[in-house]
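Enquirer: sequence isn't available, so here's the structure alone:
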């Protein structure tokens, strides 16, 4: 597609596909709000089309032509994403639904926008456009290119169909323009959190920082991953953010790994709970077994797995006695909060004996 004039469309367009869903900047995209339904006084218009593909292509071209004008253009002012038009037949019949002046920019509430939705029967996708420009010129452009039929249907303001369709289209539009969560975070949220809480959170960061084994494992090798702009840093304790950074894991990847690890560990604790707290220092899993799990399941190198296991031991996650209250309640985690706190009072983490004593490190907080 060629354009005349000084600006190429790539100078003022952006794509949702380029958004880093792990970055906090993904939540800073231009926000929209819906005009209050109580004060919305416009009918909805439904116009048939004999060629939904051509309708979408000409609508996109018109928007690009308008916003490439120097008076309107600005970096990333127009978002252009794939609409999977290849899934439609060349002559797919459909409808253009117009919800005029139904949205506004959060930062500029005086600027109203129009939602245009292209619907094709039996196709699961709804293809959306929006513009802050008057749509009369767009409709003339589409009619001139034989994309719209002359017959149109208006849905009056007072009908129930108007209320339902207005709500559906505006909510769908807001959902489609809001960056979703990272797939790792979504997957992690679907797994029950079986990990115990951090023992003595106030000293957790300093305990990790002062451990010689962790320090010398990373010192001078590589810089930690910068998680200062990670979207999910606030979900993790600073000590865990530091650990994730040292292991070069984004917070969502760390959270998913943690959920998977302790889900598997929890199942083993249920199967072998008689070993917990028994004589002879018997255990459900040794630290070596934890490392083997990480190597086999995550395809990690042994050194990396060992550092994570050590960090989790220092934080108190691997103390098997802390799982006993959960096991006594048959896995009902919500019933054991107070009992777990009581158990924490008697748990001692002896990381200094196993790993030696060292000075405090600096510059490792994620």
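Expert: Noted; the coordinates are in hand. All values derive from a computational prediction rather than experimental measurement.
Enquirer: so where do the strands sit in the protein?
Expert: For the chain, the strands defined by DSSP state E occupy 13-14, 32-34, 44-49, 78-79, 94-105, 108-119, 126-131, 153-155.
Enquirer: ok, which of those comes nearest residue 318?
Expert: Of all the strands of the chain, the one in closest proximity to residue 318, counting by Cβ to Cβ, is strand 13-14 (44.5 Å). C-betas here are computed from N, CA, C, even on glycine.
Enquirer: returning to what we had before: how about the strands of the chain in JSON lines, adding distance to residue 243?
Expert: As requested, the strands of the chain are arranged in JSON lines below (distance: least, Cβ to Cβ, whole Å):
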{"stretch": "strand 13-14", "distance to residue 243": "34"}
{"stretch": "strand 32-34", "distance to residue 243": "38"}
{"stretch": "strand 44-49", "distance to residue 243": "53"}
{"stretch": "strand 78-79", "distance to residue 243": "36"}
{"stretch": "strand 94-105", "distance to residue 243": "40"}
{"stretch": "strand 108-119", "distance to residue 243": "42"}
{"stretch": "strand 126-131", "distance to residue 243": "41"}
{"stretch": "strand 153-155", "distance to residue 243": "56"}
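Enquirer: may I see the ones you listed organised as TSV, with mean neighbour count and distance to residue 326 added?
Expert: TSV is the format used below for these (neighbours: other Cβ atoms under 10 Å; distance: least, Cβ to Cβ, whole Å):
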stretch	mean neighbour count	distance to residue 326
strand 13-14	18	47
strand 32-34	16	43
strand 44-49	19	53
strand 78-79	16	46
strand 94-105	20	47
strand 108-119	17	48
strand 126-131	19	44
strand 153-155	14	55
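Enquirer: would you mark the buried spots in stretch 250-270?
Expert: 250-262, 265-266, 269 (16 or more other Cβ atoms under 10 Å).
Enquirer: now the two most distant members of these.
Expert: For those, the maximum inter-member distance is 28.1 Å, found between 250 and 269 (Cβ to Cβ).
Enquirer: center of this protein - which residue?
Expert: residue 181 (1.2 Å; Cα atoms, centre = their mean).
Enquirer: and the pLDDT at that residue?
Expert: For residue 181, the pLDDT comes out at 89.
Enquirer: try residue 69
Expert: 68.
Enquirer: cool, residue 107 as well?
Expert: According to the model, residue 107 scores 81 on pLDDT.
Enquirer: what's the burial count for it?
Expert: Neighbourhood size, residue 107 [other Cβ atoms under 10 Å]: 8.
Enquirer: which ones are touching residue 43?
Expert: 154-157, 162 (Cβ atoms under 8 Å, 6 or more residues apart in numbering).
Enquirer: and the gap between it and residue 313?
Expert: Distance of residue 43 to residue 313, given as Cβ to Cβ, to the nearest Å: 66 Å.
Enquirer: over to residue 68?
Expert: Distance check for residue 68 against residue 313: by Cβ to Cβ, it reads 59 Å.
Enquirer: residue 261 too?
Expert: Relative to residue 313, and taking Cβ to Cβ, residue 261 is found at 13 Å.
Enquirer: for residue 105, same thing?
Expert: 50 Å.
Enquirer: same question, residue 235
Expert: Here the criterion is Cβ to Cβ. By it, residue 235 lies 22 Å from residue 313.
Enquirer: neighbour-wise, which of the two wins?
Expert: When residue 235 and residue 313 are compared for neighbours, residue 313 comes out ahead with 19 against 15, by other Cβ under 10 Å.
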